Each structure stands twice: as C-alpha cells, then as structure tokens.
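Trainee: Got a predicted structure plus its sequence, pasted below:
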Amino acid sequence: MLVNREVLLAKVESTYNTDSVPTEGANAILVESMNIKPTNVRMIDRAAIRASLAPLKPIYGGRLAELTFDVELKGSGTAGTAPELGVLLRGCGMGETIVASTSVTYEPVSTGFESLTFYLYQDGIRTIVTGARGTITSAIEAGNTGKLSFTFTGHVADPTDTAIAAPSYSSVVPSVALGINFTVGGYAAAINSFTFDMGNEIVTPNSISESDGYGEIRIGKRAVKGTIDPESQLVGTKDYISEWSGGTSSALTTNSIGGTGGNICTISMPAVVYREVADGERDGIRTYDIAFDAVESSGDDELSLVFT
C-alpha cells in the first residue's frame, strides 16, 4: 500500500459525533503531511497475584484519534464563497461570516462550537473520525506560500476495506508571500516570517456511557500567540523594547496576501502584546525575535482571517 495514495474528506456535523457523510465531490480537502495516530489509549493492566510471575493480557479500554495535516492558505477563487479550508477553521472554534460576492471572515467563538466528520482514505482502507475538534498553527515566510497546520482529535471507528475516493479539488493556486504591506502598531515592519498559534486546549472528558469511554471533545480555552522577526530600527523610528516594557497593545495585520479577487487573504490581530523581544540576525542585518500574545479588543476578535 502506498503512503502517497491518500484522500481526506471533511464536513461539518449537524449533530455532535454523528457522521455527516462527506462526499468526494463536495468535501475533499487538498492536504500535505497527513498523519493519523491513536491518542488517549486505554490499555488496562491486570495486577493479579498468582503463583506465576507471567502477566495477564491487558484489556483494551477505548481510544480516540489524532489527525494532523497541512493545508495551503488560499481562497475559493470567488469573493464571498467559502474557501476549501473553511470547514477546518470552523472545526477549530472559528465562526464563519459570509458577505455575498464580497468576503468570508473567520473569527474565534466562545460558544456554539462546531464539530467535523473526517473520512480518511489510505490506498484501499477508510478510517472514519467523528466529533472532531482541533487547533491551528500557521507560518508565512517571504517568497513562499502560506500554510496552515491543523491538529484534530475525534472519535474513531476501526478501519474498513474501501476503495479510495476520486475527489474534486479546488483548482485555485495559493498566492506567494511577496509585496505584502505587513504592519504592527501602524508601522510597516520589514519581516521575513510571521507565525501564529491559535492555542486551543482540546478537552477529552471520560464518559462511561460512550462506547469508546470518552464524551464530547471540547475546546476548553484558547491562547493565541505568535512570532515576528522585524529588522531593528533607531529608537526614534520604532521602539520595540519600550513597547514591550510598557505593555503597549498594537494592531497587527498582514494586509492583503494575494492580489486576485477571490484569492486574497488578510490575517489580522487588533491587540498584540509583546511577550519577549530578543536580538536576532538575518543575512548580516540586525533584527528582533519577537514573541507576542494576541488578546481581544472587543470580545472574541483576537484573530481574524478574511478572504476576499
């Protein structure tokens, strides 16, 4: 069986942990670096006292599954139409707001979390994961395409022999991070890379009533963080150190990544606070390695992805 013959389908569930039956024509996600592994595995050891020193066989007591993969940062090709990766953002505690023919915006929510069903095909074997919720990290570097990395935890059924799906993927090509007017605190910082981590805490409570021993998988809390590496400037031009020590809150935005309608993404954080500002270097140029926290400005708005 070939590692590279894999297909992933994903669809939002209308009822938690109920298979939403994603289809190859409507719900295929183009991914990279796919991996699935068991997590929260229970194997019960039996500590019986006997004449023999040999152990008794352990008893299986349930498991969950963890899915990890990367997805290209790109739009749908049509402004106001949700991108292929939109379903994944919704499964990571982000709400979707669509303005017809104009934009699709994703921002965090604190209630009404959605869950996903995944169908993973691996060259003749299919694994179904339901009730999945997850978290996101991202890295955007100069001269490269943006990537979002997802980690989902869900309830899993034993795999079955099933012919691999023949999916329909979006033909949109991701934009390269070039010519981006990145700003922080209104200043056009010269950076090489920008990263963020949504920091969702995935909670997996035990439940005696469930067949796998686990109840509803929840997003317990989030803590959005990130990094930037701007070139250092004279203090009078941009004083990162005093902003750090003074607890200054700054708006951060990539502005437009891409220039073609339907394939433009803007990542924004209205209030970032520096956690650490350390000296760095890039090609002989002095830089700062800055780690930051993203906090809310007016409630559940510490991070937004807008596709236009």
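Mentor: Looks like it arrived, so ask away.
Trainee: Would you map the strands across the stretch 151-300 of the chain?
Mentor: Under the criterion DSSP state E, counting those that start in this stretch, strands of the stretch 151-300 of the chain are mapped to 160-161, 183-184, 193-197, 201-203, 218-221, 225-228, 250-253, 265-282, 285-294.
Trainee: Just send those back as CSV, with mean neighbour count too.
Mentor: All C-beta atoms are positioned from the backbone trio N, CA, C, and that covers glycine. As requested, these are exported to CSV (neighbours: other Cβ atoms under 10 Å):
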stretch, mean neighbour count
strand 160-161, 8
strand 183-184, 20
strand 193-197, 19
strand 201-203, 15
strand 218-221, 14
strand 225-228, 20
strand 250-253, 18
strand 265-282, 17
strand 285-294, 18
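Trainee: can you put those strands in JSON lines and add mean pLDDT?
Mentor: JSON lines is the format used below for those (pLDDT from 0 to 100):
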{"stretch": "strand 160-161", "mean pLDDT": "97"}
{"stretch": "strand 183-184", "mean pLDDT": "97"}
{"stretch": "strand 193-197", "mean pLDDT": "98"}
{"stretch": "strand 201-203", "mean pLDDT": "98"}
{"stretch": "strand 218-221", "mean pLDDT": "98"}
{"stretch": "strand 225-228", "mean pLDDT": "98"}
{"stretch": "strand 250-253", "mean pLDDT": "98"}
{"stretch": "strand 265-282", "mean pLDDT": "97"}
{"stretch": "strand 285-294", "mean pLDDT": "98"}
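Trainee: who wins for proximity to Val176 among those?
Mentor: Comparing the strands of the stretch 151-300 of the chain against Val176 with Cβ to Cβ, the closest turns out to be strand 265-282 (12.2 Å).
Trainee: Can you check what angle separates that closest one from strand 193-197?
Mentor: 120 degrees (axes from the mean of the first three to the mean of the last three Cα atoms, to 10 degrees).
Trainee: What is strand 265-282 packed up against?
Mentor: strand 193-197, strand 225-228, helix 240-245, strand 250-253, strand 285-294, strand 304-307 (3 or more Cβ pairs under 8 Å, 6 or more residues apart in numbering; DSSP states H and E).
Trainee: okay, the angle between the longest one and strand 193-197?
Mentor: Going back to what we said before, that points to strand 285-294. Here the directions of strand 285-294 and strand 193-197 differ by 20 degrees (the same axes, to 10 degrees).
Trainee: middle-most residue in the chain, spatially?
Mentor: Nearest to the mean C-alpha position of the chain, by Cα atoms, centre = their mean, lies Ile136 at 2.1 Å.
Trainee: if I look at the residue nearest to Ser298 when sequence neighbours are not counted, how far off is Ser138?
Mentor: Leaving aside its sequence neighbours, Ser298 sits nearest to Pro270 (Cβ to Cβ, 6 or more residues apart in numbering; 7.9 Å). Counting by Cβ to Cβ, to the nearest Å, the separation of Pro270 from Ser138 is 17 Å.
Trainee: And for Ile290?
Mentor: Going from Ile290 to Ser138 by Cβ to Cβ gives 16 Å.
Trainee: same deal with Thr237?
Mentor: In this view, Thr237 and Ser138 are 28 Å apart by Cβ to Cβ.
Trainee: These two: which is more packed in?
Mentor: Shown here are Thr237 and Ser138; by other Cβ atoms under 10 Å, Ser138 has more neighbours (21 against 8).
Trainee: Name whatever forms a beta bridge with the residue nearest to Phe196 when sequence neighbours are not counted.
Mentor: Once flanking residues are discounted, Phe196 sits nearest to Gly226: 3.8 Å by Cβ to Cβ, 6+ apart. On the basis of DSSP bridges, Gly226 is bridged to Phe196, Phe292.
Trainee: number of nearby residues for Leu67?
Mentor: Residues near Leu67, counting by other Cβ under 10 Å, number 25.
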